[in-house]
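Engineer: For reference, the sequence and a predicted model appear below.
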Amino acid sequence: MAFYGYTIGDAVNPAAPNPANEGFEVYRYLIPDAPINGGNGIIAVELVGILSAPNFTGDGGEDIEGLGTSPRIQGISGVSEGTGTGRRVNNLDEPSLPPAPQVQNFGGTARQFTDTGSDIYVNKAEKAIQYIVQSSPASGSILYKTGAGGNYGNTTLAQVGTDTEFADGLAIYNTPVNVNALDGQYTGKYKAFASDFNLADGDGAEIYAVNLFPQAPNGDFLTGAIQLVNPNGTAFDVLTNANNAGRPDPDSPQDGFDSGLAFTPDGKKLIAQLENGLVYQISDFQDDVLGSTTGDGKATIRRLGMLALNGQPLPGTLTGSIEYEGLAIVSEDTAGNPIFNL
């Protein structure tokens, strides 16, 4: 058994076999156990397939950013960043195989998603609730969840929280139902964090503990910021760290980076992926979970390596023409089959 990360490019690769058919490339990579060559090494990816989605265009922003998975989905889904109706795309881990990826339009309070994170929460009735965080440095964040009964197939969104802070990566770890029954309300039996590597909001790189069940309608859902620090305790400088790895952010070189965030399926590791293909592990956050009174407000971050295809940076990462903001992690057996019942 091993943990594999899945990510997707947010634009069509001009070198794709069929760029005219709007190919969004899906990649898979083994999550390293430790930094490779001090974090300067290569994390090899393989092309899983290409999401051919001519019916996905015309949304004004086809970026697929928030990836998520759960035992109820038996696969990976993504949420788009669009100027019209937000969309969900299922079966992203098999983009070129039947069943073909399914595109669903969100309804209800759904509107344009800007920087977007997504993950899945499973309650005691084993119903999957998809949570989506929509953020922009200028206006903060909004937390949505799928509608009635927590049925993952439901595409009606309800707004459940707001916050003035920016966070565009969302990771949820569900305590296994057969260990501690989840009761659908916050009891400390799940872990959820959001990531913020963007500096345009005036603060440094950090993560937040997330309350999926704000008591006040549309109440704050992000706790006080948890500062990311280097292993030696100094503040983590995302711009310097990325530039040292030869991965600048050409879109907004002073604003930092958009990010994806995911737990490994055993809940022991929290992994962040920047849009330019750098991968990090975040640790020492355990005392800062929601409701804790013992946390020190800091978490340690280590760069694990750089995503590369055939020894070269992922297409578009150095120019900014393609970004990789979505991250989902799946446990797989030696034959490459996903395991959803850890």
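Structural biologist: Yes, it's here.
Engineer: From now on I want contacts and neighbour counts done on CA atoms only, so please keep to that.
Structural biologist: Noted.
Engineer: my read: Tyr324 touches Asp10, true?
Structural biologist: Yes. Under the criterion of CA atoms under 8 Å, Tyr324 lies in contact with Asp10, with a separation of 6.3 Å.
Engineer: Spit out the residues that contact these two alike.
Structural biologist: Where contact means CA atoms under 8 Å, 6 or more residues apart in numbering, the residues bridging Tyr324 and Asp10 through contact with each are Glu65.
Engineer: Neighbours of Ile329, how many?
Structural biologist: With neighbours defined by other CA atoms under 10 Å, the count for Ile329 comes to 25.
Engineer: can you tell me the helix or strand for it?
Structural biologist: Ile329 is located in strand 328-332, with elements delineated by DSSP states H and E.
Engineer: Direction included, what does that strand pair against?
Structural biologist: strand 2-8 (antiparallel), strand 338-339 (antiparallel) (DSSP bridges).
Engineer: Pick the most buried one from the ones you listed.
Structural biologist: When you average the neighbours per residue for each of the strands paired with strand 328-332 (mean count of other CA atoms under 10 Å), strand 2-8 leads with a mean of 24.
Engineer: one step back: which one of the strands paired with strand 328-332 lies closest to Pro32?
Structural biologist: Closest approach to Pro32 among the strands paired with strand 328-332 is made by strand 2-8 (8.6 Å; CA to CA).
Engineer: Dump the C-alpha coordinates for the closest one into CSV.
Structural biologist: Included here for strand 2-8 are C-alpha records, laid out as CSV according to Å, rounded to 0.1, in the frame of the first residue of the first chain:
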residue,chain,number,x,y,z
ALA,A,2,1.3,3.5,-0.9
PHE,A,3,-0.1,7.0,-1.1
TYR,A,4,-0.4,8.7,-4.4
GLY,A,5,-1.2,12.4,-5.1
TYR,A,6,-3.3,13.4,-8.0
THR,A,7,-3.3,16.8,-9.6
ILE,A,8,-4.6,18.4,-12.8
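Engineer: who's in contact with that strand?
Structural biologist: Taking CA under 8 Å, 6+ apart as the criterion, the residues outside strand 2-8 that touch it are 24-31, 64-65, 67, 93, 264-265, 324-334.
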